[in-house]
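1. Next comes the sequence, and after it the predicted model I'd like to discuss.
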Amino acid sequence: MVQVIWLVLAVLVLFTIGYLGYSKYLSQFVELDDERETPAHKYEDGQEYVPAKKPVLLGHHYSSIAGGAPIVGPITAGVVWGWVPALLWIAIGNPLMGAVHDFVSLSASLRHEGKSVGYIVGEYVGERGKNMLLWFAFLTIILVVAVFALVVAIVFNAFPQAATTSFLYIGLAFLFGIYLYQLNLPFGVGTVAFVAAVFVSVWIGIQYPLALFPGDYPAGTLVLMSGGSWIPGASALGANTAAWIPIIMVYAAAASALPVWMLLQPRDYLSSFLLYSGVGGALVAIIVGTLLGTSAQPLVVNIGAFNGFWGTTGISPLFPLLFITIACGTISGFHSLVSSGTTSKQLNKESDARAIGYGGMLGEGLLAIVALSTLAVAGVTAGGGIGRALPNFATGGGIILTSFGIPTSFGGPFMALVLVSFLLTSTDTAVRLGRYMMEEIVGVPETSVQETATNRYWNPVIQAVPAYILITSGSWLTLWQLFGGANQLLAALALLTATVWLANWDDSKQLISTGLPMAIMTTITVLGLFWLALYQNLYTKFIQGQWGEGGATIAAQMSAAVQIVLALVLIGLALSLVKMGIENIREVRDRKGAAVADGGSVSGEE
């Protein structure tokens with residue numbers, strides 16, 4: 001039987017080669033220069049543009065990109081197709097595609113005043129192209145908010161210890177922000193004190209779990225209310241899970257409106273220590289437990305290596321669905337929004353982009369392999385999906401941590417806290433990014449409607465309301481595949497943007513590093529969204545009448561119809577943008593001497 005350590009070692013070797021070799025080449029290729037002023041310094045405003053130390057920004061960036069997706073995807077794919085296809089996609093795709101995507105998105109934004117990938121593509125293909133990509137991104141953000149709010153609520157319900165600790169370290173983050181930016185006290189001393197306080201909050205959470213409504217919880221859980229059947233979505237999700245969703249969305253909306261120094265930077269930095277401990281600790285525990293035999297059970301793979309092209313469900317073709325199911329962890333379009341939305345506005349110097357952009361994505365790949373390892377150890381052979389994947393991550397992780405002598409009663413909740421740390425930061429970062437997208441779409445507000453759409457307090461409402469409706473209407477059951485398809489197609493468009501930028505920068509620049517992954521991801525995701533729209537919804541449901549246990553209710557039919565329309569709209573927008581981008585590349589390559597020498601905007605201004 002295969003030992004889990006071999007999965008980990010394979011990824012570590014390939015990721016190390018990628019960082020030491022390929023990322024160094026890419027850094028030279030885009031000509032990172034610490035003498036060039038970054039947008040964080042050039043436009044420092046104390047609100048959005050705030051220079052951050054590399055470890056602080058790496059913590060924010062890593063926390064923001066690594067949500068529940070790199071956990072749900074690998075676990076679900078491992079159940080359906082086996083661990084070998086999942087491992088290969090993560091180990092090879094991440095350093096050659098995902099890390100490249102994140103790095104070039106960040107680098108391009110640095111040369112365009114910290115603007116988003118939508119703004120950048122508009123510089124070269126025109127206003128219409130910019131608005132198409134920004135609307136694509138904004139629609140994807142709504143799906144991200146819906147999925148992440150849902151999975152946070154699921155984890156809070158499965159592990160109420162995580163709810164207590166989450167509120168505590170949010171409070172600690174406020175205090176740390178004041179400590180650093182208002183009182184200007186020593187960074188190192190504050191780090192030690194507040195990181196210690198974060199781990200104390202972990203212990204407090206385990207001792208005093210918190211739930212909103214009754215359920216099957218650990219002894220001593222504080223339950224605030226009774227009943228709960230009246231809450232929207234309670235019949236499908238359970239009262240406690242359904243009740244957490246609006247609270248999480250309100251938190252995300254409020255956090256997205258605050259200055260980055262007040263919550264986003266200090267919270268992400270502090271939580272990064274929890275995340276590094278969870279991911280790094282699990283990886284080391286697998287090695288220690290295997291070599292020394294100290295784990296509670298043998299750390300071997302207890303799931304199938306390959307379950308066939310059609311998977312355990314019999315109707316899930318490995319190509320293209322594997323590459324949509326595992327999005328984050330290998331390559332994710334959401335990361336381009338983080339890289340070009342918040343991270344580029346906080347980068348202290350250009351050379352930091354290598355560790356934060358390329359290295360941060362490798363870090364998420366390590367989270368993905370940890371998730372696959374927890375599945376392999378736990379031996380889950382049926383189910384999958386959001387509801388099963390997230391609790392099993394904590395359960396399997398708890399088993400792995402027994403290699404250090406940590407009992408599963410502590411290891412399981414700790415891994416749940418690690419997961420929630422990823423999820424919460426990604427959720428409110430997504431809402432903040434959605435506001436950025438709308439601000440770039442509108443430009444200078446000229447009407448009251450435009451002012452409302454871009455307002456930092458009202459814009460989160462515009463995102464949260466449709467996201468909440470998507471969840472509580474029952475469509476949450478199939479949100480994952482739509483999210484995965486949209487997310488991967490956005491990655492293809494971000495790579496298209498980088499390719500267009502490089503082509504306009506210098507006609508001697510090679511376009512293979514970004515152009516080939518762009519072509520691969522466009523093909524995969526368009527086929528995947530067509531499968532979702534035309535087969536899983538139109539043919540299976542409307543033509544064959546296979547609606548599942550709930551039957552052909554009005555809500556189910558509306559949900560299926562919305563998914564069909566959304567998938568086809570996203571495909572249309574993407575293909576139109578690809579056509580515009582290719583036409584621009586051909587035009588600029590035919591027009592010698594018209595490229596931008598400094599890699600900035602087409603006007604030559606930075």
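-> Ah, there it is. Residues are numbered from 1 along each chain as shown.
2. For the stretch 351-500 of the chain, which segments count as helices?
-> Along the stretch 351-500 of the chain, counting by DSSP state H, counting those that start in this stretch, helices occupy 352-353, 360-378, 385-401, 408-442, 448-454, 459-472, 479-505.
3. so which of those helices comes closest to residue 201?
-> Closest approach to residue 201 among those (CB to CB): helix 408-442, 8.9 Å. Using the backbone N, CA and C atoms, a C-beta is placed for each residue, glycine as well.
4. and that closest one, how far from the chain's centre?
-> 8 Å (CA atoms, centre = their mean, to the nearest Å).
5. Which positions within it qualify as buried?
-> Using 16 or more other CB atoms under 10 Å as the test for burial, helix 408-442 gives 408, 410-442.
6. Endpoint to endpoint, stretch 322-342 covers what distance?
-> Length of stretch 322-342, first residue to last, CA to CA, to the nearest Å: 30 Å.
7. I'd say residue 138 and residue 436 touch.
-> No - the criterion here is CB atoms under 8 Å, and residue 138 misses it with residue 436 at 9.6 Å.
8. Can you pull out the low-pLDDT segments for this structure?
-> Applying pLDDT under 70 to the chain flags the ranges 67, 380-390, 473-478, 548-551, 555, 592-598, 601-606.
9. In space, not sequence, find me the middle residue of this structure.
-> Centroid check for the chain by CA atoms, centre = their mean gives residue 65 as the closest residue, at 4.0 Å.
10. Does that residue touch residue 357 like I think?
-> No - Residue 65 is not in contact with residue 357 according to CB under 8 Å; the separation is 10.0 Å.
11. got any residues that touch both of these two?
-> Taking CB atoms under 8 Å, 6 or more residues apart in numbering as the contact rule, residue 65 and residue 357 both touch residue 102.
12. Give me the three-state assignment for residue 113.
-> Here residue 113 is coil, with the state taken from DSSP: H, G, I helix; E, B strand; the rest coil.
13. what's the burial count for residue 455?
-> 17 (other CB atoms under 10 Å).
14. Now the phi/psi pair for it, please.
-> Main-chain dihedrals, residue 455, degrees, to the nearest 10: phi -70, psi 140.
15. do the same with residue 211
-> Residue 211 adopts backbone torsions of phi -140, psi 150, taken as degrees, to the nearest 10.
16. and if you look at residue 210?
-> Here is the backbone geometry of residue 210 (degrees, to the nearest 10): phi -130, psi 130.
17. Could I get the contacting residues of residue 80?
-> Applying CB under 8 Å, 6+ apart to residue 80 gives the contacts 307, 311, 312, 313, 316, 325, 384.
18. and which of those is nearest to residue 581?
-> Nearest to residue 581 out of the contacts of residue 80 is residue 325 (CB to CB; 26.7 Å).
19. Count residues in the vicinity of that closest one, would you?
-> Neighbour tally, residue 325, other CB under 10 Å: 31.
20. That one is in contact with residue 73, isn't it?
-> Yes - Residue 325 is within contact range of residue 73, at 5.4 Å (criterion: CB under 8 Å).
21. shared neighbours, those two?
-> Each of residue 484 lies in contact with both residue 325 and residue 73 under the rule CB under 8 Å, 6+ apart.
22. which parts of the strand or helix carrying residue 147 are buried?
-> Assessed by DSSP states H and E, residue 147 sits inside helix 127-158. For helix 127-158, the neighbour count (16+ other CB under 10 Å) marks 129-130, 132-158 as buried.
23. ditto for stretch 217-230
-> Buried, per 16+ other CB under 10 Å, within stretch 217-230: 217, 221, 228.
24. Contacts for that stretch next, please.
-> Stretch 217-230 has contacts (CB under 8 Å, 6+ apart) with 160-161, 207-215, 234-235, 239-240, 242-243.
25. Check which helices and strands the top helix by length along the chain is in contact with.
-> When the chain is parsed with DSSP state H, its longest helix is helix 554-590. Judged by 3 or more CB pairs under 8 Å, 6 or more residues apart in numbering; DSSP states H and E, helix 554-590 is in contact with helix 117-125, helix 127-158, helix 479-505, helix 512-530.
26. got the contact list for the residue nearest to residue 215 when sequence neighbours are not counted?
-> With CB to CB, 6 or more residues apart in numbering as the criterion, residue 215 has its nearest non-adjacent residue at 5.1 Å, and that residue is residue 240. By CB under 8 Å, 6+ apart, the contact list for residue 240 reads 156, 157, 211, 212, 213, 214, 215, 228.
27. export those to a markdown table and tack on distance to residue 187?
-> Putting the contacts of residue 240 into a markdown table (distance: CB to CB, whole Å) gives the following:
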| residue | distance to residue 187 |
| --- | --- |
| 156 | 32 |
| 157 | 37 |
| 211 | 37 |
| 212 | 37 |
| 213 | 42 |
| 214 | 44 |
| 215 | 42 |
| 228 | 44 |
